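> A predicted structure for the sequence below; I have some questions about it.
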Amino acid sequence: MPGLQGDAAALGSPIKKSKLSLKFFQKKETKRALDFSEPQVEEPKPVRVEPEEPSSCDQVVPIPLPGPAPCPTSPICPSDKGEETLVPFVGLNNLGNTCYLNSILQVLYYCPGLRDGIKNLYSLSKTRDKQKEEAANSDEQTEGPEEAVPVHMELLGSFHSLITSVEQLQSSYLHNPDKYSDGELATPPRKLLNTLRQLNPMYEGYLQHDAQEVLQCILGYIQEASETIRKEQEDQDDVIEVKPGKEQAQTSETSLDDDDGHTSGKRKSDTEAGNAKKKPKSVKSKNAAAVAANDGKPLTRSKRKSTEGEKKQEEEGEEESNVEGKGEGKKRPKLCWPRHSGKQPSIFSKFMSMGRISCHTGGKTETAKPDQEETGPSQPQENDGGEHGRNPQEKVTEVPEEEKAKSEECLGVDMMEHLFQGCLVLRTRCLECECYTERREDFQDISVPVQEEEPCSPDSSSEVSPDPKPVLKTLKWAISQFASVERIVGEDKYFCETCHHYTEAERSLLFDKTPEVVTIHLKCFSANGLEMDPYGGLSKVNTPLQTPLKLSLEEWCTHPSATATGGQHYQLFAVVMHSGVTISSGHYTTYIRMMDLKDTKVRLPEGDEKQGEEDCGGKVPGPEPKEEVLDYDDGEVSFSLRGKAGQSGSVNANSTNTSKMGSKKASDGVGLLGGQRSLSSYDLGGNKQTTNPDKAACTGVESNTTRSSRRTSRVKKEPGEGEEASVAGCEGFGVATEQALSSLLQYEGKWMLFDDSEVRLFEEEDFLRACSPETCSTSTPYLLFYRRV
Amino acid sequence: MSRIHEKQSQSIFILLCGSNCTPIQFSVQVSYVIRDEVEKYNRNGVNALQLDPALNRLFTAGRDSIIRIWSVNQHKDPYIASMEHHTDWVNDIVLCCNGKTLISASSDTTVKVWNAHKGFCMSTLRTHKDYVKALAYAKDKELVASAGLDRQIFLWDVNTLTALTASNNTVTTSSLSGNKDSIYSLAMNQMGTVIVSGSTEKVLRVWDPRTCAKLMKLKGHTDNVKSLLLNRDGTQCLSGSSDGTIRLWSLGQQRCIATYRVHDEGVWALQVNEAFTHVYSGGRDRKIYCTDLRNPELRMLICEEKAPVLKMELDRSADPPTALWVSTTKSTVNKWSLKGIHNFRASGDYDNDCTTPLTPLCTQPEQVVKGGASIIQCHILNDKRHILTKDTNNNVAYWDILKACKGEDLGKMEFDEEIKKRFKMVYVPNWFSVDLKTGMLTITLDESDCFAAWVSAKDAGFSSPDGADPKCDTVGIELSSLLYWPRTHVNPMDEETEMNHGTQVVKLSPCCSTRPCHSGSSTLPWM
């Protein structure tokens, strides 16, 4: 926290502002500035502040108001800039101690492949719904969830809408940064929160919760949703094929619904890409559909009915009723939680009992599944190639939607597993005959200890120094604690089936399959002593663990490097930090490393034009700013604050340009964004990747200048990496997009701190410092997210 | 009633054991083995071998808990005698005092001292608290060391042990502690100056048995060390490990001076010639190699066994050794001739290319000590009275536990089919448990649940002469048949009380009295 940059101050909560007095803010700010280590409990107020307009669109784009004078809290800020700059990344407003949720949502948003997966899934679900109810009239975003949809589907919907609004916000900011100059770039995750509360009453009220639990919870629900969708698909495939006519109608509706603005732009490109990809499959599905079409109707109806019935129930009742109400494919309505917990005891129970290892298997399993990320597999792995598939917006304008969807779904089945689910092998080897038996279990995250547990220390191998604070523990150590070899000896020997005798045995836990994203949960909270009240008693272990930027799981894999996916090398892309003393208090923030920004689609606020443009551009990102988190190269994009400052002039020019370019967009943007502000210095600078900070600065400046010139000319293409080609076709829009994108690209490889609505830039070193054990504040890493390299 | 009597072939061992697992909570277990009176063949794998060159006898320590004595010269029917006292796997044996005394270590946690010539047990050492896995012997000093999974090493003076009598039964022993993990192998040099232990700790620990001082730790192996050898003066050590390597260590330099990767899997057994120049190794990959320690390129595949090799014993009657006895996890013990190897060696025509598959020197063993079948699968039928078993020859048998005898030999057949066929729709609570660790049927009655089941005397096929008590608890019948009770009118209450005092067994069944059983709890008067 100490590392905050100037930006931070600016981030203060814009939304709140409208209703809150300046005083309030200032207080808050001051507080933060003074004491970062202190758990910042966000006042519940903000939540209320936001008028509840869940129905229309939960994601209200916050109106950037002039924030209170930001206190430059960031002496550490590498750039030394007192000025605060808005960073083109969207924060999430705190709705009353919801930092646990916000931090997780941010990670998920930037999680490679997940966003697209969600979209895909969502579109699928929409499609289904429509099919069921021929005349589905609801808005996907808003209404979708309200419909008969099971609650977990609702969650999917609200998550999707959140993503959409974030993207929207981002793109609008990128296109017209001036608007937000002083304000915050943030959106409240209200709808999602509401859904979550509906699903799990635990999250009602304004208590602080465990980020990891929320993560599992959300992933679990999404998983359920995807399973539901898959089931429905299967049902449909078996029994019903929707008539083509229907489909079309549906599709069109869908498309309408989906595009609340941004989406529309994407469509075409997506569609195209998607089609291209899936053609073979889609064709098949078409045929099938056609064949089945006639017969299918009745069935559909029946389904529909049931759905409707369910809907009613849902509407009437609360979550529970909803849950139960969903017949058909949407079973597993219940909270995923119980399941997780139920599962856990399995393989790992033993380890857990020993206090060494806990693995939340259950959650994983659920999460891992299928459909979420339909496009997913390709995405995580490759930045470039995956793109078409990536933003498969579901709402394809054309009839083929369905087919596409189907094919996608099929593809998607593996996706979820791909992304989050790994497989652990518990291998037990008899020391007598040296035969071994294996048991496999899926996992979703790895819980590792932060501290040596006193009782079990001796077994590892030797004289562990008895010092209370021994050598700094590394993550590697922690994982090896998790995966270490355990001997089954003494009185409780292992019964070997081969020897027919009780023998000594060795039990080791290995990774059989590793997911694209490895979530490591540092067990920072321990129940100390007898005072275990359910929440407050969990005190925090602040012993820090050294957090490496790169991680290799090779040594704990069953077949090292033989894995199909390639190496077991991972790169850190997100860290959820917890500051505070207990689990029930404190504050969560998230560091995320921006990656694959070039894949981001920058959408102009307006749908129509974009569409056209996008078509031209092909898959090239339209004006929407979506960042794909897939990252790869660590090349750092130079980012210089100074450059920005210098550019202010140019910025203005830009803004004008932008407005000109897409008048429609502009209007949209205005509507969405509310008041506009002049851009604070913001560097649109080139995307050059410079490792050297010094150089970066220069580069930034240069690029800026370049860019500004370009902007004026409008016609020119951005120097930006791959996008020029695509841009070529496009008109002014394209340029704008490029510009926006390029400005975004500056952040490639940078670490951003998401502290609720605040988003700040962190240089890697600062980030490392923040995470490092030496900075022994109460702020410590809690969840680590690694992605496969 | 007198099943046992009638079927002389069936004798039963009764072992009363105070459970050693829960020392605090006293519970009584009775276990017995249903077997032939004379088990002439090894029923399970053979863990250890010893040759008595003077009498040309071979001692085998079986997983069936029996140490058998074989006459090497008798090819047809080599069986001489059994030494039966252990109640669990016998893991190692050493022959001391020029073949007069045999010491054995067992998974029943005891070390026993036997008169090897006459085959009776002279004393039992109960200092270990877990399986005793390995023994080592220093010929020059008549010193024996035992080590086991309890991480302890005890030193025994054999002369003291053999002098033990009922009245003078205290032994002093020195222990070598310091091992952090279960010990699986042990070696002492002939002069008794160095002792080495191998354990799952993966390091070799070296002591001086005279002072009990730790000398060193030798690191290098990456897995359990299962076999160890020392040369005569204790300057060099050979170790075989589950990591598949054989290592040669110089104790003087305290380091590994050579690593031999001969086997594909764990090395479980080693033998070396007197001169310490050629090592014979066997292990999980079932192959037996002879490797020249000075020139590891020179290695020979001697033979390939049919199961993982557990132990080898060189026939040292001549130098170079002429034969190698090999025991495996199967019950058969083979003697492989090494004569060919010498010709081979003399010709100097070694196979220098380790990459090409070697052809074994011998394809047929020179001599075979036949083994019997061991039971590898069993199923307790629903009536909790009958058991179906399958042995290594795929023979299925049907046993009556109440009568403690084999009911039927069903021959080779589908085991699962038979289980279905004999399924009865009844519920009887569990009152006994079965284990197959010895390859024979071992029934264990636990105090806590063995009185759970009742049966009418009539159904059980016992008619009590006085016509009373149509209902008996199964254990009563059980014990009565075991013990050849004169009448079956067992009063369960009596039974119970007696059980609790652990005395009743003393009333003897002929078979028990003929073969007093020393293992188990010492509360029995005759122990």
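Yep, it's here. Numbering: from 1, shown residues only, chains lettered A, B, ... in the order given.
> how far does stretch B:302-318 stretch from start to finish?
End-to-end distance of stretch B:302-318 (CA to CA, to the nearest Å): 18 Å.
> ok now it, how far from the chain's centre?
Remark: stretch B:302-318 is offset 17 Å from the chain centroid, using CA atoms, centre = their mean, to the nearest Å.
> buried residues in that stretch?
B:Ile302, B:Cys303, B:Glu305, B:Pro308, B:Val309, B:Leu310, B:Lys311, B:Met312, B:Glu313, B:Leu314, B:Asp315 (16 or more other CB atoms under 10 Å in any protein chain shown). For every residue, glycine as well, the C-beta is placed using N, CA and C.
> Same question for stretch B:95-104.
B:Leu95, B:Cys96, B:Cys97, B:Gly99, B:Lys100, B:Thr101, B:Leu102, B:Ile103, B:Ser104.
> residue contacts, the fourth one?
The contact partners of B:Gly99, by CB atoms under 8 Å, 6 or more residues apart in numbering or on different chains, come to B:Asp52, B:Pro53, B:Ala54, B:Leu55, B:Arg57, B:Ala116, B:His117.
> State the distance from the nearest residue to the fifth one once chain neighbours are set aside to B:Asn115.
Across the structure, with CB to CB, 6 or more residues apart in numbering or on different chains as the measure, the residue nearest B:Arg57 apart from its sequence neighbours is B:Ile69 (5.6 Å). Using CB to CB, to the nearest Å, one obtains 11 Å as the distance from B:Ile69 to B:Asn115.
> So which of the buried residues of stretch B:302-318 are in strands?
B:Ile302, B:Cys303, B:Val309, B:Leu310, B:Lys311, B:Met312, B:Glu313, B:Leu314, B:Asp315 (DSSP state E).
> returning to what we had before: the residue nearest to B:Arg57: which element?
Assigned by DSSP states H and E, B:Ile69 belongs to strand B:66-71.
> Now do that strand: distance to the chain's middle.
12 Å.
> partners of the very next helix or strand once past that strand in the sheet?
Next along the chain after strand B:66-71, taking DSSP H and E as the criterion, comes strand B:79-84. Strand B:79-84 pairs in its sheet with strand B:66-71 (antiparallel), by DSSP bridges.
> Render the CA-only coordinates of the strand it pairs with in PDB, please.
Taking Å, rounded to 0.1, in the frame of the first residue of the first chain, the C-alpha atoms of strand B:66-71 are listed here in PDB:
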ATOM      1  CA  ILE B  66       7.600 -70.400   9.500                       C
ATOM      2  CA  ILE B  67      11.300 -71.000   9.300                       C
ATOM      3  CA  ARG B  68      12.000 -74.200   7.500                       C
ATOM      4  CA  ILE B  69      15.000 -76.300   7.300                       C
ATOM      5  CA  TRP B  70      15.900 -78.000   4.100                       C
ATOM      6  CA  SER B  71      18.400 -80.500   3.100                       C
END
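> Next up, the contacts around the nearest residue to B:Glu142 once chain neighbours are set aside.
Nearest non-adjacent residue to B:Glu142, counting by CB to CB, 6+ apart: B:Val158, 4.3 Å away. Shown in contact with B:Val158 (CB under 8 Å, 6+ apart): B:Cys96, B:Cys97, B:Thr101, B:Ile103, B:Val113, B:Glu142, B:Leu143, B:Val144.
> out of the residues you listed, who's nearest B:Lys421?
B:Ile103 (48.0 Å; CB to CB).
> Might you report the residue contacts of that closest one?
So B:Ile103 contacts B:93-94, B:96, B:111-114, B:135, B:137, B:144, B:146, B:156, B:158, B:161 (CB under 8 Å, 6+ apart).
> Distance-wise, check the closest residue to chain B within the stretch 501-650 of chain A relative to B:Leu164.
For the stretch 501-650 of chain A and chain B, the shortest gap (CB to the nearest CB) falls at A:His501, measuring 4.1 Å. Here A:His501 is placed at a distance of 30 Å from B:Leu164 (CB to CB).
> more crowded one of the two?
A:His501 (23 against 16; other CB atoms under 10 Å in any protein chain shown).
> For the more buried one, give the beta-bridge partners.
Beta-bridge partners, per DSSP bridges, of A:His501: A:Cys496.
> quick one, what contacts it?
A:His501 neighbours (CB under 8 Å, 6+ apart): A:Glu432, A:Phe495, B:Arg63, B:Trp89, B:Ser107, B:Lys437.
> out of the contacts of B:Gly99, who's nearest chain A?
For the contacts of B:Gly99, the nearest to chain A is B:Ala116 (26.4 Å; CB to the nearest CB).
> quick one: B:Gly57 and B:Leu51 touch, right?
Check again: residue B:57 is Arg, not Gly. Yes: the pair B:Arg57 / B:Leu51 is scored as a contact, 7.4 Å apart, by CB atoms under 8 Å.
> hey, what's in contact with both of these two?
With contacts defined as CB under 8 Å, 6+ apart, the residues shared by B:Arg57 and B:Leu51 are B:Val72.
> Which one of B:Ile69 and B:Asn115 is surrounded by more residues?
B:Ile69 (22 against 15).
> Just the pLDDT at the more buried one, thanks.
In this model, B:Ile69 is scored at 94, pLDDT.
> Show me what from chain B comes close to chain A.
B:21, B:63, B:89, B:107, B:130, B:149, B:180-182, B:184, B:200, B:224, B:242, B:265-266, B:284, B:308, B:329, B:376, B:435-437, B:439 (CB under 8 Å from any CB of the partner chain).
> Those, buried ones only, as a PyMOL selection?
Entered in PyMOL, the line below selects the buried ones among these, by 16+ other CB under 10 Å:
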select buried, chain B and resi 63+89+107+130+149+181+182+184+200+224+242+266+284+308+329+376+435+436+437+439
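> top of the contacts of B:Gly99 by neighbour count?
Going by other CB under 10 Å, B:Ala116 tops those with 25 neighbours.
> so where is the stretch 351-500 of chain A shaky, pLDDT-wise?
A:351-417, A:452-472 (pLDDT under 70).
> Let's see that with 80 instead.
By pLDDT under 80, the low-scoring segments of the stretch 351-500 of chain A are A:351-418, A:449-478, A:480-484.
> got the residues of it near chain B?
Residues of the stretch 351-500 of chain A lying near chain B (CB under 8 Å from any CB): A:Leu431, A:Cys433, A:Glu434, A:Ser462, A:Arg487, A:Val489, A:Gly490, A:Glu491, A:Cys499, A:His500.
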